[in-house]
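Trainee: Take a look and give me a structure for this.
(one chain, ligands or ions: 1)
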Amino acid sequence: MSNLLTGRVIYPGDPGWDAARHGFAARFDYDENAPQAVVFAQNRDDVSNAVRWARAKGVNLRARSGRHSYQAYSSLTKNGLIVDLSEMDSVSVDSHRQTAKVGAGIAMLTLSEKLSDSGFVLPMVTGPTVGLGGLVQGGGFGITSRRFGLMCDNVTNFEIVNANGDIMEANAHHNEDLFWALRGGGGGNFGIVTQFEFNVQPVTMVGIFNLNYQWSDFTDVVKKWQEWSFQSDPAVTSLLSLHVDGTVRIEGQFTPELQDLPKLGSIIAPLLEAPSPISMQALVVPALAAARMTFGVDPTAPEWAIRIHSDNQLFKSCSAVALEPIPDEGIAVMKQWLESVPPLSATPSQPSMIQLLGGGGKSHEVPVDATAVYWRNAYLVVQYDGYWTAPQDAQPTIDWVVNMRKAMLPYAHGAYVNYHDDQLGDNWLEQYYGTHVDRLRQIKKKHDPTNFFNFPQSIPPAV
Ligand SMILES: Cc1cc2nc3c(=O)[nH]c(=O)nc-3n(C[C@H](O)[C@H](O)[C@H](O)COP(=O)(O)OP(=O)(O)OC[C@H]3O[C@@H](n4cnc5c(N)ncnc54)[C@H](O)[C@@H]3O)c2cc1C
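Mentor: Purely as a prediction, here's the structure:
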């Protein structure tokens, strides 16, 4: 047993200490909740040593990959230890088998770029710096979910350091229970994943589109899009965002077999009928260019400047799932809440909004009990986002977002575990995991009976 922390270890006062302990969500007090050290693991032995060290010393430990937990659960651990995987970001592609071994800490944009070198993709998410480690374990919905399933549906093997510091594998033949739980049970619960093995998809060119509508057409656009997004070609996944600044935008990606790309025009044609958009773009581009645009990179800027996602945002987001189309009354509730956003003293980096991601397709083909993702049958995944800049705008915006979700509960309920939310109330476990709670708690008891891996919304071991 190692009594030492290994890897690149940063202690209070070291150069880089401040940057090392902050997460993406900027509203939290990282000074008040500072860890005693941050280990930037370089390999799985560093992770193993950190677990053994923390156990021996009785120190709380948090695993971290991309730091994007909405509640900063990967970073806030007073006097604890953060084990950061972001420097474990290697990608090794086997083109013949169409598989890739990927370091758990890699960021999504880097992953897309490295896979693209070999002509492959994985299901995409919308943030360039989102980490693979947290994303996959929560499920991973994204802009190709209807085509390739969720991110976790493409995993064939997890390499994981368990609560004793031992290195294990979880796949269809070894530790099958853990393999089930790691696909949707959420990060930080069962161990520290150090490497994923995926089936990757050969994709070279894709179609992308975005259409903007007038606010006065809000109701008709939501009604039309909901039906279209679910019934359209399963190679299309799309997102409708409704912003408090009056933007009504449909964005999507068409990822078919190469010979079917010319169908893009006819597929999106229904979105051009009344109400018709005020502007639109539809392009066929290399898959990597599409990924960069999804990540908020401006393709017209020669340097591909990133537009929207900064790595430090003041926001409160929460989620719900609609299992059927939102009815007219629900659409009216969304509009009413968006039109009554609290006034802000300063303009944030992006407007507050509701985002609706269309479900169906391949993500519905996998049976609900095949993985821990309870909400894969979502007709829509709903995200409510509030942004602000000035400190005095924080609480009114947080209250607004939380109450907007509550007002929408008759139409969209439950919560997506990758959108951590401390305002879900006492039954948050059921809201994240539905009928999978008991099975998850049994697996937790088997693999982490002392609840070593814990955070405010971690899965407790079965009693
Ligand atoms: C801008 C933005 C865009 C997003 N877009 C999408 C999207 O399109 N689709 C979607 O599904 N989600 C999306 N998300 C949500 C995202 O999937 C979750 O926030 C996810 O948990 C982030 O993972 P991370 O590694 O970056 O975060 P972290 O904060 O590092 O980790 C999140 C959780 O996982 C645990 N964890 C992290 N790494 C490991 C590991 N290696 N082993 C074990 N546990 C680990 C942490 O302890 C923590 O509990 C987005 C989030 C943001 C902020």
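
Trainee: part of a strand, is Phe158?
Mentor: Yes. Per DSSP: H, G, I helix; E, B strand; the rest coil, Phe158 lies within a strand segment.

Trainee: Could you number the chain from 39 rather than 1 from now on?
Mentor: Okay, residue one is now 39; in that scheme the one you just asked about reads as Phe196.

Trainee: Please tell me how far it sits from the ligand.
Mentor: Separation of Phe196 from the ligand (C-beta to the nearest ligand atom, to the nearest Å): 9 Å. The way it works is simple: take the backbone N, C-alpha and C, and place the C-beta from them, glycine included.

Trainee: Same check on Pro161?
Mentor: 9 Å.

Trainee: just Leu299 next, same as before
Mentor: 23 Å.

Trainee: Can you give me the pLDDT of that residue?
Mentor: At Leu299, the predicted lDDT confidence score is 97.

Trainee: Also the one 10 residues further on?
Mentor: Listed pLDDT for Leu309 reads 97.

Trainee: burial count for it?
Mentor: 23 (other C-beta atoms under 10 Å).

Trainee: That one falls within a strand, correct?
Mentor: No. Under three-state DSSP, Leu309 sits outside any strand and is assigned helix.

Trainee: Next one: the closest residue to it other than its chain neighbours from Ala145, what distance?
Mentor: In space, and not counting its chain neighbours, Leu309 is closest to Leu249: 5.5 Å by C-beta to C-beta, 6 or more residues apart in numbering. Going from Leu249 to Ala145 by C-beta to C-beta, to the nearest Å gives 29 Å.

Trainee: One more: Gly177?
Mentor: 18 Å.

Trainee: Of the two, which one has the most company?
Mentor: Gly177 (28 against 22).

Trainee: isn't the more buried one right up against Gly187?
Mentor: No. The pair Gly177 and Gly187 does not pass the contact test of C-beta atoms under 8 Å, sitting 9.8 Å apart.

Trainee: residues contacting Glu207?
Mentor: Applying C-beta atoms under 8 Å, 6 or more residues apart in numbering, we find Glu207 in contact with 195-198, 213.

Trainee: could I get those residues as a markdown table with neighbour count, pLDDT and distance to Gln388?
Mentor: Output for the contacts of Glu207, formatted as a markdown table (neighbours: other C-beta atoms under 10 Å; pLDDT from 0 to 100; distance: C-beta to C-beta, whole Å):
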| residue | neighbour count | pLDDT | distance to Gln388 |
| --- | --- | --- | --- |
| Asn195 | 18 | 98 | 37 |
| Phe196 | 27 | 98 | 34 |
| Glu197 | 21 | 98 | 36 |
| Ile198 | 26 | 98 | 35 |
| Asn213 | 21 | 98 | 41 |
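
Trainee: Show me which pair in those is furthest apart.
Mentor: Distance extremes for the contacts of Glu207: the farthest pair is Glu197 and Asn213 at 11.1 Å, using C-beta to C-beta.

Trainee: Need the overlap of contacts for those two.
Mentor: Overlap of the contact sets of Glu197 and Asn213 (by C-beta under 8 Å, 6+ apart) consists of 206-207.

Trainee: Could you pull up phi and psi at the closest residue in space to Gly399 that isn't next to it in sequence?
Mentor: In this structure, Gly399 finds its nearest non-sequential neighbour in Arg184, 2.7 Å apart by C-beta to C-beta, 6+ apart. Main-chain dihedrals, Arg184, degrees, to the nearest 10: phi -70, psi -20.

Trainee: and if you look at Pro161?
Mentor: With angles defined as degrees, to the nearest 10, Pro161 sits at phi -50, psi 140.

Trainee: where does it land on pLDDT?
Mentor: For Pro161, the pLDDT comes out at 85.

Trainee: What distance do you get for it to Gly180?
Mentor: Taken as C-beta to C-beta, the span from Pro161 to Gly180 is 5 Å.

Trainee: What are the neighbouring residues in contact with Glu367?
Mentor: The contact partners of Glu367, by C-beta under 8 Å, 6+ apart, come to Tyr449.

Trainee: swap the cut-off to 10 Å and go again
Mentor: 448-449 (C-beta atoms under 10 Å, 6 or more residues apart in numbering).

Trainee: hang on, it in a helix?
Mentor: Yes. Under three-state DSSP, Glu367 sits within a helix.

Trainee: one step back: any idea how far Gly165 is from the residue nearest to Gly399?
Mentor: From Arg184 over to Gly165 the distance is 19 Å, taken as C-beta to C-beta.

Trainee: Which of the three states applies to Ala57?
Mentor: The three-state label given to Ala57 by three-state DSSP is helix.

Trainee: That one contacts Ser113, doesn't it?
Mentor: No. Judged on C-beta atoms under 10 Å, Ala57 makes no contact with Ser113 at a distance of 11.4 Å.

Trainee: Now do the shared contacts for those two.
Mentor: Counting by C-beta under 10 Å, 6+ apart, the common neighbours of Ala57 and Ser113 are Val76.

Trainee: More neighbours: which of those two?
Mentor: Comparing Ala57 with Ser113 by other C-beta under 10 Å, the one with more neighbours is Ser113, at 25 against 9.

Trainee: so who does the more buried one touch?
Mentor: So Ser113 contacts 58-63, 66, 68, 71-73, 76, 100, 102, 105, 107, 120, 122 (C-beta under 10 Å, 6+ apart).

Trainee: ok, which stretches of the stretch 289-438 of the chain are strands?
Mentor: Under the criterion DSSP state E, counting those that start in this stretch, the stretch 289-438 of the chain carries strands at the ranges 317-324, 353-360, 391-396, 418-425.

Trainee: same for the second one, what does it pack against?
Mentor: Taking 3 or more C-beta pairs under 10 Å, 6 or more residues apart in numbering; DSSP states H and E as the contact definition, the neighbouring helices and strands of strand 353-360 are strand 391-396, strand 418-425, helix 432-445, helix 466-471.

Trainee: can you put the ones you listed in TSV and add mean pLDDT?
Mentor: Converted to TSV, the helices and strands packed on strand 353-360 look like this (pLDDT from 0 to 100):
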stretch	mean pLDDT
strand 391-396	97
strand 418-425	97
helix 432-445	98
helix 466-471	98
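
Trainee: so of those, which one's packed in deepest?
Mentor: When you average the neighbours per residue for each of the helices and strands packed on strand 353-360 (mean count of other C-beta atoms under 10 Å), strand 418-425 leads with a mean of 25.

Trainee: in the stretch 189-338 of the chain, what residue is nearest the ligand?
Mentor: Gly225 (2.1 Å; C-beta to the nearest ligand atom).

Trainee: Show the model's pLDDT score for Thr338.
Mentor: For Thr338, the model assigns a pLDDT of 60.

Trainee: contacting residues around the residue of the stretch 339-488 of the chain found nearest the ligand?
Mentor: The stretch 339-488 of the chain approaches the ligand most closely through Asn456 (3.8 Å), counting by C-beta to the nearest ligand atom. Taking C-beta under 10 Å, 6+ apart as the criterion, Asn456 is in contact with 106-108, 163, 168, 172-179, 189, 222, 224-225, 357, 419, 470.
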